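Engineer: Got a predicted structure here, sequence first:
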Amino acid sequence: MGDRQNAEEDPSSVRKRCWQCKSLPAPGSKLRYCGQCKAAAYCNKHCASADWNEHKVDCDNIRETNRRAIEAQKVQQGRRGGEGREGRQKDHAQYTIDIQQRFTTVPGLAYEVELLAWKHRAESPLIHVSFPKESIHDVDGSGIQVTLMPRGSWELPPFSSMIIKTNFQMLGRQFDEASFCPDQEFMLMLNREGQTRCPRSAACRFTDNIVRGIEITEALTAGEKPEDIADAFAWFRSMDPPHRADYKVQNLLARFESLYGIVTPRGSVPVPSRAINNEVAYMVLAATLFLQFEVRLEGLLGAAHLNGKEGKILSLDVANPARFTVRLDDGTCVSVKASNFVHIRRGEYKRQLP
């Protein structure tokens, strides 16, 4: 199987697991990639050896698609003087690292992908993330396309033209493994727009905290119960390091005292209201998960013509921090108080875009 090299420890949003035992790496440790295909990842040599009989077919297929991708790159570079084989392989390996790192650094992208897979988990989906052809490092990530590919539709248009058959066969074997559980994991594939060969794929585990964050957001914006605010404060502490979670909670409590005159005793939660709940929900959905906070305007008196208009919150209003800046669907930006909007959900949860 060749020597194995250390893999960079994946950020929590990718949740790379051992291909054999399906475990996450122990805290402070790293998975190790197969020395031949550079795709399969394992806890240790024992897991790598135990999986070899199953992996060797996929390993050959991955190496072949890698070889073809490198050869295609060679043809493209030929008229520019060309490069040595070693240089092309390094470029290809660097591209693989770049595309994985880009996935983890686009705010909200990993959460958008996971929530999409969770909602459609009964379809055993493959989530395909395509980066812009020109550059995977587009400044704001707006060129990234996320596509849901149900397990039963891979060979049908338009999916059949996106990934070559060999890759589908490899993914199919992973889906069909007895250990694969669609209520606990999903398949993720990363590649560049128009690149049908040599994509990066991995089985990713659902994260309870992400789904829980959405449940808390929807509870906060559907009613006014103290326990929903308490759940949100506890959720911050489960998502963030202690100092950051405490900062978020204290920042919210300070806002409530300054804007609404609500003083919250230590160890308690503020009295819920539409404004208070919307503020907490915004901190969960937009400021922590980096997902769009879609709203409908209500209760406006001086600008009653805007009631019923829909849009998404861009940020706190820099000119008046007591208000939020909302971009309406017609492109108009308005400044409103937290008591003058309700959270709505229009389709899937999406990452924030400029």
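Structural biologist: In hand now; what should we look at? Numbering: from 1, shown residues only.
Engineer: gap between R346 and A222?
Structural biologist: From R346 across to A222, the span is 16 Å (Cβ to Cβ, to the nearest Å). (C-beta placed from N, C-alpha, C; glycine too.)
Engineer: same check, this time on V326
Structural biologist: 20 Å.
Engineer: Looking only at neighbour counts, state which of the two leads.
Structural biologist: V326 (26 against 13; other Cβ atoms under 10 Å).
Engineer: Figure out the helix or strand that the more buried one lives in.
Structural biologist: For V326, the host element (DSSP states H and E) is strand 324-328.
Engineer: Show the average pLDDT along that strand.
Structural biologist: Mean pLDDT, strand 324-328: 97.
Engineer: Can you tell me the strand partners of it and which way each runs?
Structural biologist: Sheet pairing of strand 324-328 (DSSP bridges) gives strand 310-316 (antiparallel), strand 333-336 (antiparallel).
Engineer: highest average neighbour count across those?
Structural biologist: strand 310-316 (a mean of 18; mean count of other Cβ atoms under 10 Å).
Engineer: pLDDT of that strand, averaged?
Structural biologist: For strand 310-316, the mean confidence score works out to 95.
Engineer: And for it, what's in contact with it?
Structural biologist: Strand 310-316 is touched from outside by 282, 286, 292-297, 323-329, 333, 341, 344, 346, with contacts defined as Cβ atoms under 8 Å, 6 or more residues apart in numbering.
Engineer: Looking at the residue positioned nearest the centre of the chain now. What's its pLDDT?
Structural biologist: Taking Cα atoms, centre = their mean, the centroid of the chain lies closest to A110, which sits 0.9 Å from it. Note for A110: predicted pLDDT of 92.
Engineer: Would you mind writing the CA trace of the host helix or strand of it as PDB?
Structural biologist: Per DSSP H and E: A110 is located in helix 109-119. Provided in PDB are the C-alpha atoms of helix 109-119 (Å, rounded to 0.1, in the frame of the first residue of the first chain):
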ATOM      1  CA  LEU A 109     -20.900  27.000   3.600                       C
ATOM      2  CA  ALA A 110     -20.300  23.800   5.600                       C
ATOM      3  CA  TYR A 111     -23.400  24.600   7.700                       C
ATOM      4  CA  GLU A 112     -25.500  25.200   4.600                       C
ATOM      5  CA  VAL A 113     -24.300  21.900   3.100                       C
ATOM      6  CA  GLU A 114     -25.000  19.900   6.300                       C
ATOM      7  CA  LEU A 115     -28.500  21.300   6.800                       C
ATOM      8  CA  LEU A 116     -29.300  20.600   3.200                       C
ATOM      9  CA  ALA A 117     -28.200  17.000   3.600                       C
ATOM     10  CA  TRP A 118     -30.100  16.600   6.900                       C
ATOM     11  CA  LYS A 119     -33.400  17.900   5.400                       C
END
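Engineer: Which other helices and strands does it contact?
Structural biologist: helix 85-105, strand 126-131, strand 145-149, strand 185-192, helix 208-220 (3 or more Cβ pairs under 8 Å, 6 or more residues apart in numbering; DSSP states H and E).
Engineer: which other helices and strands contact the fourth one?
Structural biologist: What that stands for is strand 185-192. Going by 3+ Cβ pairs under 8 Å, 6+ apart, strand 185-192 lies up against helix 85-105, helix 109-119, strand 126-131, helix 165-176, strand 200-205.
Engineer: Identify the residues contacting the second one?
Structural biologist: Which is helix 109-119. By Cβ under 8 Å, 6+ apart, helix 109-119 touches 11, 13-14, 103-104, 125, 127, 129, 141, 144, 146, 148, 186, 188, 204, 206-207, 210-211, 214, 289-291, 348-351.
Engineer: can you give me the end-to-end distance of stretch 25-39?
Structural biologist: End-to-end distance for stretch 25-39, by Cα to Cα, to the nearest Å: 16 Å.
Engineer: Tell me the buried residues in it?
Structural biologist: 25, 31-34, 36-39 (16 or more other Cβ atoms under 10 Å).
Engineer: same check, this time on stretch 202-217
Structural biologist: Buried residues in stretch 202-217 (16+ other Cβ under 10 Å): 202-207, 210, 212-214, 216-217.
Engineer: if we look at the sheet, which residues does R351 bridge to?
Structural biologist: In beta-bridge terms (that is, DSSP bridges), R351 pairs with L291.
Engineer: Distance check, it against C47.
Structural biologist: Distance from R351 to C47, by Cβ to Cβ: 34 Å.
Engineer: do Q169 as well
Structural biologist: 23 Å.
Engineer: now do R173
Structural biologist: 17 Å.
Engineer: Comparing the two, which residue is more hemmed in?
Structural biologist: Set R173 next to C47 and count neighbours by other Cβ under 10 Å: C47 wins out with 20 against 15.
Engineer: Then the more buried one would be within a helix, right?
Structural biologist: Yes - checked against DSSP: H, G, I helix; E, B strand; the rest coil, C47 lies within a helix.
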